[in-house]
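Participant: quick one, what's the 3D model for this:
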Amino acid sequence: MSATLKKVRRPRHKIQGGSAGREPANPSRRHPFLLGHWSLVIGLLLFSAPFLSAADAAVPAPPQAAAGAESNRVQRAYIEAKEAFTRDATNSETAWHFAHACFKRADFTTTDAQRAAFAEQGIAASRRAIELSSNSAAAYFYLGANLGQLARTKLFTALGLLDEMEAAWEKSIALDAKFNHASADRSLGLLYLDAPGWPLSLGSRSKARIHLKKAAERVPEYPENLLCWLEVQVRWGQTKAVKTQLAAVEARLQSARTNFTGETWAPDWEDWEARWKKIKAKADGNAKDRSPHGAK
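Facilitator: Okay, here's the model as predicted:
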């Protein structure tokens, strides 16, 4: 299928490796997120045929807009994962793979209605995966990720989804903190960073610092973790601390260039290189350090 899609840029959450609980480098494709975040439950059904027919009714046809190879890969991966889940809705891994594909597909939409429809499919698939395997870090991670996609389509009601996202990612961390390059820690950190603080919501700079730093420490070979950790320090004006880390991060990035290769990683490297240049430029500035603990 050669439908073209429009992509909304967001933090990426890729999966690499083929061990249990981790998606193969190219199952029909990888993830991202990610970072990546989010949806509402359609319902847990024993078989996927009725589940898919109900969800499909709400999913519009892909928009006919100019798009590149990345969007086409995401569309193909979504179709293949959906077909696999239709054939077998009793396999937890098949279910979370479909949840992953829904999360990715939701990024290539032009309306909130489209994003919400894919997110809802992803949430239902995640819940199905959890029902089948309650110790699946992947299922909990993609539950939180698809909830995040749904939250992006909401206004005031979005805050009501954040607690469930937090709980899903905390559970994923407890089951496998390194799943998907420590994406749950990174996602939680970004959630705490950008969510409103108390008493409105769960936003917390101190918690954001803890989880973003943990992601960078747990899987330092993944560029997204290092860049997010440096970016938040730059954001807080801690340029002196950032400057002391530049050489080590540069070495890590050079190594990563030999590990994350191929056309599927090209969009990531375009994003990572641009962000890395901005980090170095800002670290060379004269901003004064300030504490990241101003908000709790």
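
Participant: distance check, the residue nearest to Arg257 when sequence neighbours are not counted against Ser126.
Facilitator: Nearest residue to Arg257 in three dimensions, chain neighbours excluded: Trp269, at 7.6 Å (Cβ to Cβ, 6 or more residues apart in numbering). For the C-beta atoms, the positions are set from N, CA and C on the backbone; glycine is no exception. According to Cβ to Cβ, to the nearest Å, Trp269 stands 29 Å off from Ser126.

Participant: so those two - more neighbours on which side?
Facilitator: Looking at Trp269 and Ser126 with other Cβ atoms under 10 Å, you find the greater number of neighbours at Ser126, namely 31 against 16.

Participant: for the more buried one, give me its contacts.
Facilitator: Ala95, Trp96, Ala99, Ala139, Tyr140, Tyr142, Leu143, Asn146 (Cβ atoms under 8 Å, 6 or more residues apart in numbering).

Participant: hmm, back to that, the residue nearest to Arg257 contacts Phe260, correct?
Facilitator: Yes: assessed by Cβ atoms under 8 Å, Trp269 is found in contact with Phe260 at 7.4 Å.

Participant: surely Phe108 forms part of a helix?
Facilitator: No: with DSSP: H, G, I helix; E, B strand; the rest coil as the criterion, Phe108 is coil rather than part of a helix.

Participant: per-residue confidence at it?
Facilitator: Here, the pLDDT recorded for Phe108 equals 94.

Participant: show me the shaky parts of the stretch 151-296 of the chain.
Facilitator: Where the stretch 151-296 of the chain drops to pLDDT under 70, the residues are 286-296.

Participant: hey, where'd the helices end up in it?
Facilitator: Counting by DSSP state H, counting those that start in this stretch, the stretch 151-296 of the chain has helices at residues 159-175, 179-194, 205-218, 223-235, 239-259, 266-283.

Participant: residues making contact with the fifth one?
Facilitator: Read that as helix 239-259. If you take Cβ under 8 Å, 6+ apart as the criterion, helix 239-259 is touched by 220-223, 226, 230, 233-234, 269, 272, 276, 279-280, 282-287, 289.

Participant: just the buried ones from the residues you listed?
Facilitator: Buried members of the contacts of helix 239-259, scored by 16 or more other Cβ atoms under 10 Å, are 220, 222-223, 226, 230, 233-234, 269, 272, 276, 279-280, 282-283.

Participant: nearest to Ser183 among the residues you listed?
Facilitator: Checking the buried ones among the contacts of helix 239-259 against Ser183 with Cβ to Cβ, the nearest one is Tyr222 at 9.0 Å.

Participant: where's the residue nearest to the closest one when sequence neighbours are not counted relative to Leu191, distance?
Facilitator: Excluding the flanking residues, the one nearest Tyr222 by Cβ to Cβ, 6+ apart is His181, at 4.0 Å. Distance, His181 to Leu191, using Cβ to Cβ: 17 Å.

Participant: Gln114 now?
Facilitator: Noted for Gln114: a distance of 23 Å to Leu191, by Cβ to Cβ.

Participant: and for Arg128?
Facilitator: 24 Å.

Participant: who's more crowded, the two?
Facilitator: Legend: neighbour count by other Cβ under 10 Å for Arg128 and Leu191, higher for Arg128 (29 against 24).
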